[in-house]
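Trainee: from the sequence below, what's the structure:
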Amino acid sequence: MSNAADVRMPALRESTPSTGVPRSPIAHAIDALLFSSAWVALAAASLSAACFRVFGAAPRASILALAFFGTLAVYTIDRLRDLERDRVTAPLRSAFVAQHRRALTAIAIAAAVASAFCALSVGPRVIAISGVVLTLGLLHRRLKRLSLLKPIYLVFAWLAVAVALPAAVVPSAANEGFAALVLAPALFANVAASRSLVAAGALALLGLALAGVAPVAVRPLGAVALATFVALLRFRRTERFGLGIIDGALTVGALASLLV
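Mentor: Purely as a prediction, here's the structure:
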């Protein structure tokens with residue numbers, strides 16, 4: 001989740017050393033998916049879709065598109081703006097961003113326009129929520145220096161996208177508080193993974209426990225916490241694992257909750 005989460009929710013990690021062995025086209029495609037922020041944007045859209053189901057409504061395309069393109073825009077802009085500082089903490093991703101700067105700039109602009117169109121087409125409540133998340137995203141460069149505050153505003157931003165946006169367009173939405181309560185520990189676990197595996201694992205299990213005592217409609221969201229916990233069992237301090245597996249657990253858990 002890294003900029004709403006990172007809004008990745010995520011955290012950063014060390015890179016794996018280069019072996020000098022040429023990488024396959026598939027490996028390059030995976031890197032493009034991860035380092036372009038498209039993967040974490042998919043997690044945001046998936047979590048939003050899962051919450052629509054919790055609220056007893058079919059996922060609304062405009063909100064899912066807003067979640068995806070908004071997250072993509074915010075993360076990509078952050079990667080471009082903070083490239084020099086990220087070279088130390090995320091060298092693989094930074095090298096990708098530097099190499100594809102023009103393409104990523106075009107993607108950020110297109111995603112920003114698309115997300116603005118989606119928000120404007122829905123209504124004032126969605127515009128207001130989007131504005132709050134956008135503000136946090138643009139302030140991320142400054143806010144992330146405050147280590148104690150960072151997890152809080154990242155998780156808040158992700159909950160706004162995953163829970164508040166769907167609730168804003170579902171007239172009879174209920175259980176928003178429970179949905180946020182169940183998702184929050186898993187999102188905090190995502191942020192904490194690179195700092196303390198014990199704390200991250202405990203947070204994921206807390207989310208699973210809260211799902212067990214939540215209203216029936218909310219319980220499927222426990223799959224997000226479960227997927228996060230499983231991912232943490234094989235945790236590796238590499239950029240690709242953090243971006244691909246830890247962030248990917250949010251998507252896997254959200255999609256699994258849709259099948260329950």
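Trainee: could I get the contacting residues of Phe156?
Mentor: Residues counted as contacts of Phe156 (C-beta atoms under 8 Å, 6 or more residues apart in numbering) are Leu136. Where C-beta positions appear, they are placed from N, C-alpha and C, glycine not excepted.
Trainee: measure it to Leu183 for me?
Mentor: 12 Å (C-beta to C-beta, to the nearest Å).
Trainee: Val216 too?
Mentor: Taking C-beta to C-beta, one finds Val216 at 16 Å from Leu183.
Trainee: so the two - more neighbours on which side?
Mentor: Counted by other C-beta atoms under 10 Å, Val216 and Leu183 do not tie: Leu183 has more neighbours, with 30 against 7.
Trainee: surely Lys150 is in contact with Leu139?
Mentor: No - in terms of C-beta atoms under 8 Å, Lys150 does not count as a neighbour of Leu139; the distance is 11.3 Å.
Trainee: where does the prediction get shaky in the stretch 1-150 of the chain?
Mentor: 1-22 (pLDDT under 70).
Trainee: the helices in it, which residues?
Mentor: 25-35, 38-54, 61-81, 83-89, 91-99, 101-122, 124-138, 140-143, 150-159 (DSSP state H, counting those that start in this stretch).
Trainee: now these in a markdown table, with distance to Val198?
Mentor: As requested, these are exported to a markdown table (distance: least, C-beta to C-beta, whole Å):
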| stretch | distance to Val198 |
| --- | --- |
| helix 25-35 | 26 |
| helix 38-54 | 24 |
| helix 61-81 | 28 |
| helix 83-89 | 22 |
| helix 91-99 | 26 |
| helix 101-122 | 36 |
| helix 124-138 | 28 |
| helix 140-143 | 26 |
| helix 150-159 | 16 |
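Trainee: closest to Gly253 out of these?
Mentor: Nearest to Gly253 among the helices of the stretch 1-150 of the chain is helix 38-54; the distance by C-beta to C-beta comes to 8.1 Å.
Trainee: helices or strands up against the closest one?
Mentor: helix 61-81, helix 165-169, helix 176-192, helix 247-259 (3 or more C-beta pairs under 8 Å, 6 or more residues apart in numbering; DSSP states H and E).
Trainee: recalculate using a threshold of 7 Å.
Mentor: Applying 3 or more C-beta pairs under 7 Å, 6 or more residues apart in numbering; DSSP states H and E, one finds that helix 38-54 contacts helix 61-81, helix 165-169, helix 247-259.
Trainee: residues making contact with the last one?
Mentor: This means helix 247-259. 1-2, 8, 10, 39-40, 42-43, 46-47, 49-50, 53, 190, 220-221, 223-224, 226-228, 231 (C-beta atoms under 7 Å, 6 or more residues apart in numbering).
Trainee: could you list the low-pLDDT ranges of the stretch 151-260 of the chain?
Mentor: If you take pLDDT under 70 as the line, the stretch 151-260 of the chain has no such spans.
Trainee: was I right about Val191 contacting Leu149?
Mentor: No - Val191 is not in contact with Leu149 according to C-beta atoms under 7 Å; the separation is 11.6 Å.
Trainee: among those two, which residue is more densely surrounded?
Mentor: Set Val191 next to Leu149 and count neighbours by other C-beta under 10 Å: Val191 wins out with 25 against 11.
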